[in-house]
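# Dropping a prediction and its sequence here:
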Amino acid sequence: MSFVASAVRPAARATIASAVRHASTHHKIVIIGGGTGGINIANQLLDTYAREAKSSGSEALKKDDIAIVDGASLHHYQPGWTLVGAGLANKTDLNRPLASLVPSDVRLHNANVAEIDAAANKITTATGDSITYDHLIVAAGLDIKWGAIAGLPETLGKNGVSSIYSYDTCDVAQNDIKALKCGKAIFTQPAGVVKCAGAPQKVMWMAEDAWRSAGIRDEIDLEFNTGMGAMFAVPKYAKALEQLRVDRGVKGAFTSDLVAVDGQAHIATFKQADGTTVDKTFDLLHVVPKMGSHAFVAKSALADAAGFVDVDAATLQSKKFDNVWSLGDSSSLPTSKTAAAIFSQTPVLAHNFHRVAHGKTANASYDGYTSCPLLVSYGKLILAEFKYGGVPDETFGSKFGFDQAKPARFAYHLKKDVFPWAYFNYAMKGQWFGRNSIFRPTFN
């Protein structure tokens, strides 16, 4: 080592040092995250600024005024992983290269974020580069904490253990379901925050229906273990799902939170509400991991006590920094974390962002609308739609007078056929507005 060091001349050392200096870049708008929220808001900001420039003469955004920071190579349509687990889709059809979805006028920094210094209007990437901004939008999603369940990383994808929350094992879930002919099947849902809180039981219902159709349902002891106190957070849909659980003979274990897995021994350990633990044997275990805010968000000055970006529930603007906004899973918005929620949040954020950036007051309000399309069988789905406070806010029920808590075939095809197609053809171009579909909402 000393020989190599002595062989490098001073001039060469200077060249080497300059080669490892970290870059510094500035953008008018920086978006953290190239997922559903990040790509969607980038497109809608470009469009909002272009429309306002045309109608009022305000300045349009120029090339590279917006930057997206994300270290991923692929962008996944994650709601489709439930379809993969049910054998209704191929996972490779549900992703695109991230760079192919980033608008041509937007700069992609293909690196993960390590730190946010909101007081200095700066983020630092995992590679050590600095990116400064005038405005920041955090759309970072959730951190999937596989290691928070002891033994799970070592056994995931084998020993009958799988999860539709992983690209690597969403298809393994379907293989495990098809392979099981008898024995004990356990499906789990953790206590706390989870993206698409209905997904843990969607895959269970589809498995139950498949086993029933195959004539082996009576050979399988099926149990749903959830860290929550009910089948769903919204009372109307919880009641319908609880009745479904009883009617289809699914055992329910509530406030029962998975904390450890021994894959080789086929033992799952659950923590109960009183702090005790219970071991259960299994032949098939479908796991939903624990989730939370990314450390770079939770440790920043942007975060609330729970670690999420602390934003106004109506305007989506940070409560702590006027030039910071957030949407989707990384925000503190008190609603279910779903793609449907993001599609309703994005036009509100784009509208308010433009107004505030031009010295006006944010006047568009998000009401907490979200949707959870609950697959309950091959051909039927409960379309749960609600807003802040768990108040049902049903699109089709209000228009056509039927109860969306009842399984419906048309809703099944929305989930299976329409939504995946609309996602890449419209949503990733900023042209899908949730329950308004392709019709842009207007604000006074």
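Sure thing, it's come through. Residues are numbered from 1 along each chain as shown.
# what about residue 64, which helix or strand?
Residue 64 is located outside every helix and strand, with elements delineated by DSSP states H and E.
# Report pLDDT for the closest residue to residue 79 other than its chain neighbours.
If the residues on either side of it in the chain are set aside, residue 79 comes closest to residue 339, at 5.4 Å by CB to CB, 6 or more residues apart in numbering. In this view, the C-beta of every residue, glycine as well, is placed from N, C-alpha and C. Listed pLDDT for residue 339 reads 97.
# ranges for the strands of the stretch 51-200 of the chain?
Assigned by DSSP state E, counting those that start in this stretch, the stretch 51-200 of the chain shows strands spanning 66-69, 74-76, 95-97, 106-109, 113-117, 122-125, 130-138, 143-145, 161-162, 183-189.
# For residue 172, give its distance to residue 203.
Look at residue 172 and residue 203: by CB to CB, to the nearest Å, they are 12 Å apart.
# So for those two, which residue has more residues nearby?
Between residue 172 and residue 203, counted using other CB atoms under 10 Å, the more crowded position is residue 203 (27 against 21).
# pretty sure that one is touching residue 164, no?
Yes - the pair residue 203 / residue 164 is scored as a contact, 5.3 Å apart, by CB atoms under 8 Å.
# Overlap in contacts, the two.
Shared contacts of residue 203 and residue 164, defined by CB atoms under 8 Å, 6 or more residues apart in numbering, are found at 82, 85, 173, 286.
# In contact with the third one, which residues are there?
Counting by CB under 8 Å, 6+ apart, residue 173 touches 84, 85, 162, 163, 164, 203, 286.
# farthest pair in the residues you listed?
Greatest spatial distance among these (CB to CB): 84 and 286, at 12.9 Å.
# Between the two, which has more neighbouring residues?
residue 286 (28 against 23).
# Who are the contact partners of the closest residue in space to the more buried one that isn't next to it in sequence?
Nearest residue to residue 286, sequence neighbours excluded (CB to CB, 6+ apart): residue 187, at 4.6 Å. Residues near residue 187 by CB under 8 Å, 6+ apart: 200, 201, 203, 204, 207, 222, 223, 224, 225, 286.
# Report whether the fifth one is found in a helix, as I expect.
By that I understand residue 207. Yes - counting by DSSP: H, G, I helix; E, B strand; the rest coil, residue 207 is part of a helix.
# Please renumber the chain so that the first residue is 24 from this point on.
Taking 24 as the first residue, the last one we looked at is residue 230.
# so it touches residue 201, yeah?
No - when contacts are counted by CB under 8 Å, residue 230 is not listed as touching residue 201 (9.3 Å).
# Distance-wise, check residue 423 relative to residue 369.
Going from residue 423 to residue 369 by CB to CB gives 27 Å.
# the more surrounded of the two?
Between residue 423 and residue 369, counted using other CB under 10 Å, the more crowded position is residue 369 (29 against 9).
# Can you tell me the element that one falls in?
helix 362-380.
# Could you figure out how far that helix is turned away from strand 153-161?
120 degrees (axes from the mean of the first three to the mean of the last three CA atoms, to 10 degrees).
# Show me what helix 362-380 packs onto, helices and strands only.
Contacts defined by 3 or more CB pairs under 8 Å, 6 or more residues apart in numbering; DSSP states H and E place helix 362-380 against helix 59-79, strand 153-161, strand 347-349, strand 393-400.
# residues in contact with the first one?
Surrounding helix 59-79, the residues in contact under the criterion CB under 8 Å, 6+ apart are 52, 54-55, 81-84, 89, 91, 93, 98, 101, 124-126, 128-129, 160, 162, 164, 350-352, 362, 365-366, 368-370, 372-374, 376-377, 450-455.
# Repeat that for the second one.
Around strand 153-161, the neighbours that count as contacts under CB under 8 Å, 6+ apart are 45-56, 61, 64, 90, 92, 132, 139, 141, 143-148, 320, 325, 332, 344, 346-350, 353-354, 372, 376, 380.
# that older thread, which one of the contacts of residue 210 is nearest to residue 262?
Using CB to CB, those come closest to residue 262 at residue 224, 14.3 Å.
# That closest one and residue 413: what is the separation?
17 Å.
# Please apply the same query to residue 337.
Counting by CB to CB - residue 337 and residue 413 are separated by 17 Å.
# Residue ranges in the stretch 24-173 of the chain under the pLDDT threshold?
24-45 (pLDDT under 70).
# try it again with 80
The model of the stretch 24-173 of the chain has pLDDT under 80 over residues 24-47.
# closest to residue 461 out of the helices and strands packed on helix 362-380?
Across these, closest to residue 461 is helix 59-79 (CB to CB), at 12.9 Å.
# got the CA coordinates for the closest one in CSV?
C-alpha atoms of helix 59-79 as CSV (Å, rounded to 0.1, in the frame of the first residue of the first chain):
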residue,chain,number,x,y,z
THR,A,59,-46.8,7.2,-8.7
GLY,A,60,-46.9,10.5,-6.9
GLY,A,61,-43.6,11.8,-8.3
ILE,A,62,-44.1,11.1,-12.0
ASN,A,63,-47.7,12.2,-11.8
ILE,A,64,-47.0,15.6,-10.1
ALA,A,65,-44.1,16.3,-12.5
ASN,A,66,-46.4,15.9,-15.5
GLN,A,67,-49.2,17.9,-13.9
LEU,A,68,-46.9,20.8,-12.9
LEU,A,69,-45.6,21.0,-16.4
ASP,A,70,-49.1,21.1,-17.7
THR,A,71,-50.4,23.6,-15.1
TYR,A,72,-47.6,26.0,-15.8
ALA,A,73,-48.0,25.7,-19.6
ARG,A,74,-51.8,26.3,-19.3
GLU,A,75,-51.4,29.3,-17.0
ALA,A,76,-48.6,30.7,-19.3
LYS,A,77,-51.0,30.5,-22.2
SER,A,78,-54.0,32.0,-20.4
SER,A,79,-52.4,34.7,-18.2
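# what angle separates it from helix 362-380?
Using the same axes, to 10 degrees: helix 59-79 against helix 362-380 is 40 degrees.
# Much appreciated, bye for now.
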